[in-house]
Every structure is written in structure tokens, then in C-alpha cells.
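Colleague: Fold the stuff below for me.
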Amino acid sequence: MATRETAPARGPNAVAVTARFFSGLADPTRLSIVELLLERPRTVGEIVATLGLRQARVSNALTCLKWCGYVDARREGRTAAAAAGRRGLTAGGSGDDSVS
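Modeller: Reported below is the predicted structural model:
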């Protein structure tokens, strides 16, 4: 009979960070934004226009996605732009980085 390997024990803080990381995609707005950004980087205005959402809603969603590492955001004067993050997001949904 095959034995199952168990993951090393992780502290409560590590579990909380991992839960927060995955909660970033739990909201349909945030998931829609990530899908757009996987195509190419976009400005906040482009995301607002494409999804038909209020700017404040998009900005709040981007803040969460940035905190989770799903997107990278930068300011260019008065314009904010975002791109899929460096944590290994791909169109296939798998990454090579993990939260520890």
C-alpha cells in the first residue's frame, strides 16, 4: 500500500497568509481583473471601461490583488497601470512560487 506524504507543520501565521493569498481570487471582480491582466498590462481606466465598474471598485480590487502578489501596479503621473504579478500567474492558472 502506498503511503501518503504529509506536508510539514506550518504555524498559524503561515496558514493565515496562505488563506489571504487564495482569497484574492475569491471575488468575481478581482478574478475578472486578473484575467484581463493576463492578456496584457492595462491602466485602471481601461479596466474600468472594459468591466463597466466604478473606478473606486477597481482600485480597491487592485489593492487587494497587489497585496496578494497577483498584480504589480505602478503610477505614471496621474495614471495607474497594472500587470499580472511576478508570483508565476499564467493563463493555465499555475505558478511556481508558493506562499510559505
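Colleague: do you know how far the spatially most central residue of the chain is from residue 35?
Modeller: Closest to where the C-alpha atoms of the chain average out (C-alpha atoms, centre = their mean) is residue 70, at 2.6 Å. To residue 35, residue 70 is 11 Å away according to C-beta to C-beta, to the nearest Å. Where C-beta positions appear, they are placed from N, C-alpha and C, glycine not excepted.
Colleague: go on, residue 28?
Modeller: Counting by C-beta to C-beta, the separation of residue 28 from residue 35 is 10 Å.
Colleague: now residue 78
Modeller: Residue 78 is 26 Å from residue 35, by C-beta to C-beta.
Colleague: what ranges of the chain fall below the confidence cut-off?
Modeller: Low-confidence segments of the chain, defined by pLDDT under 70, span residues 1-9, 86-100.
Colleague: And the longest helix seen in it, what does it pack against?
Modeller: In the chain, taking DSSP state H as the definition, the longest helix is helix 55-68. Applying 3 or more C-beta pairs under 8 Å, 6 or more residues apart in numbering; DSSP states H and E, one finds that helix 55-68 contacts helix 12-23, helix 28-39, helix 44-51, strand 71-76, strand 79-84.
Colleague: possible to save those as CSV with mean neighbour count and distance to residue 65?
Modeller: What follows is these, written out as CSV (neighbours: other C-beta atoms under 10 Å; distance: least, C-beta to C-beta, whole Å):
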stretch, mean neighbour count, distance to residue 65
helix 12-23, 12, 11
helix 28-39, 17, 6
helix 44-51, 16, 11
strand 71-76, 14, 4
strand 79-84, 18, 8
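Colleague: Which of these sits closest to residue 60?
Modeller: helix 28-39 (8.8 Å; C-beta to C-beta).
Colleague: Let me see the backbone angles for residue 54.
Modeller: Here is the backbone geometry of residue 54 (degrees, to the nearest 10): phi -70, psi 150.
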